[in-house]
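Engineer: just need the structure, nothing else, for what follows:
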Amino acid sequence: MTVVGIDDTDSRERGMCTTYVATQVAQRLRTAESATVSSVLLVRLNPAVEYKTRGNAALAIHTDCDPGRAFALARDRLETLAETGDERTNPGLVVADATPEDAPVPDDVCRFSQAAIRDHLEIADAVDLLERRGYRSWHAGDGRGRIGALAAIGAWSALEEWTYEYISYREPDRWGTPREVDHESVFAAADAGYPAVWDTVDRGEDEAVCVPHTPGPILHGIRGDDPDAVRSVAADIESEPVAESRLFVTNQGTDAHLQRGSIGTVEDGRAYRLEGRVASEPETRRGGHVFVDLESPTDAADDGAPARERLPCAAFEPTKRFRDRVRALRVGDRVTACGEVSRGTLKLEKFAVRDLVSSERVTPTCTDCGRTMESAGRDQGYRCRDCGTQAAEKATRRLERDLEPGWYEVPPCARRHIAKPLVRGGFDAPTHPER
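Structural biologist: Reported below is the predicted structural model:
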């Protein structure tokens, strides 16, 4: 058996899509080589790397085609379809001659896949591993796509959780033109498929999230936990003609990019799950972005690492109504925060409220007249100017909170492909899913 890994064939300006290239390779394997394609993996890599296009996806095709024939056919498709006219497009192809069903993927290839999803890798890292394993490879430009292509080879063994996406493609002569998709039918199909099918629409923003706005070949992509359910939702959408479709097995919606960390040790370009306490009042800044600081919880272990006193967190304007959840936080709330660190700021994807501040200390009121007391002087408590009544210290007032314990998330229109929607379940606290 053979695994064909592909990456970096698309362009932000010119279009194309690596899922489409993989679909074309899979079709040629079946028609030209009479080969069986058992599955096509869509593997989302670290969303924080600077070289990515929008989704940072690499593809792996599992087939019974002879490795040499598969390599020649895939190379031909990449040379024909990859948008190498864009200097930022640097496609890569890797072909391995054993799938996980036949023999375990080597440990170093599994580790490489895991690092590509959570960390940063250099081209030299891929080249060294390719030479060590003797895998066939091809590239154009600087060949950065070999990183993703090799990561896709090891993904099946490196990852445990998988979901599905059913992608429908446009007729080629329509690429670059406005998509004709009936808005109401998308929402009706999304309602029928939910919750097994998720992130199809954003009801709060009245947006068909499954329909892209880029000039590439995708008409719509339906994501979910069940392959039959995603096919069914796609079939119920009224649109322009569908040229072809493909079911992908994917790590989308799994939070595979998150690693556990501590506030004092985070690094830019990685995504984390962090425990902390709110250390500042949420602040809405120019552009509608909301910022709040987290500090390490008092019982957190230092582990000998240099501590960062605070970590700024941000809910940017595109996260829409999620910002109201962040604005509702108060100093002292204990939370778990998830997101990517960029320029020393955590870009929030979701957070869990663990413990809410339920009261605050306020200047006492007079029990006789109800007026607010005044300070009687340093360390002398408070007194009412009119009645003369006194209080030794501040009073405690119960707070009414707009948040409840549990998980909150960005809406579907702002969700990263790899981020796990709350509706999928498996979280360690109550959830408040966005639809």
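
Engineer: what's near enough to touch residue 236?
Structural biologist: 185, 188-189, 192 (Cβ atoms under 8 Å, 6 or more residues apart in numbering). Yep, even glycine has a C-beta here, placed from its N, CA and C like the rest.

Engineer: now which of these would you call buried?
Structural biologist: 188-189 (16 or more other Cβ atoms under 10 Å).

Engineer: tell me the one of the contacts of residue 236 nearest residue 39?
Structural biologist: residue 189 (24.7 Å; Cβ to Cβ).

Engineer: and the closest one, what element?
Structural biologist: Residue 189 is part of helix 183-193, with elements assigned from DSSP states H and E.

Engineer: can you give the strand pairings for whichever helix or strand comes after that helix, parallel or anti for each?
Structural biologist: Counting by DSSP H and E, the next helix or strand C-terminal to helix 183-193 is strand 197-198. Applying DSSP bridges, strand 197-198 is found paired with strand 218-224 (antiparallel).

Engineer: how far does the strand it pairs with sit from the chain's center?
Structural biologist: For strand 218-224, the separation from the chain centroid amounts to 16 Å (computed by Cα atoms, centre = their mean, to the nearest Å).

Engineer: right, and the helix or strand after that strand?
Structural biologist: Downstream of strand 218-224, the first helix or strand assigned by DSSP H and E is helix 227-235.

Engineer: neighbouring contacts of the helix or strand just after that next one?
Structural biologist: Once the chain leaves helix 227-235, the next helix or strand it forms, by DSSP H and E, is strand 244-250. Identification of contacts with strand 244-250 by Cβ under 8 Å, 6+ apart yields 19, 22-23, 26-27, 39-44, 59, 162-169, 223, 227, 230-231, 234.

Engineer: list the contacts for the closest residue to residue 158 other than its chain neighbours?
Structural biologist: Nearest non-adjacent residue to residue 158, counting by Cβ to Cβ, 6 or more residues apart in numbering: residue 113, 3.8 Å away. Residues counted as contacts of residue 113 (Cβ under 8 Å, 6+ apart) are 43, 150-155, 157-159.

Engineer: now do the contacts for residue 311.
Structural biologist: By Cβ under 8 Å, 6+ apart, the neighbours of residue 311 are 263, 266, 274, 276, 293-295, 341, 344-346.

Engineer: for the helix holding residue 189, packing partners?
Structural biologist: strand 218-224, helix 227-235 (3 or more Cβ pairs under 8 Å, 6 or more residues apart in numbering; DSSP states H and E).

Engineer: quick one: these as a markdown table, columns for distance to residue 414 and mean neighbour count too.
Structural biologist: As requested, those are arranged in a markdown table below (distance: least, Cβ to Cβ, whole Å; neighbours: other Cβ atoms under 10 Å):
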| stretch | distance to residue 414 | mean neighbour count |
| --- | --- | --- |
| strand 218-224 | 15 | 25 |
| helix 227-235 | 21 | 19 |
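
Engineer: out of the ones you listed, which comes closest to residue 318?
Structural biologist: strand 218-224 (19.1 Å).

Engineer: which secondary structure elements does the helix or strand that contains residue 4 contact?
Structural biologist: Secondary structure assigned from DSSP H and E places residue 4 in strand 2-7. For strand 2-7, the elements it packs on are helix 18-33, strand 57-63, helix 67-81, strand 92-96, helix 145-158, judged by 3+ Cβ pairs under 8 Å, 6+ apart.
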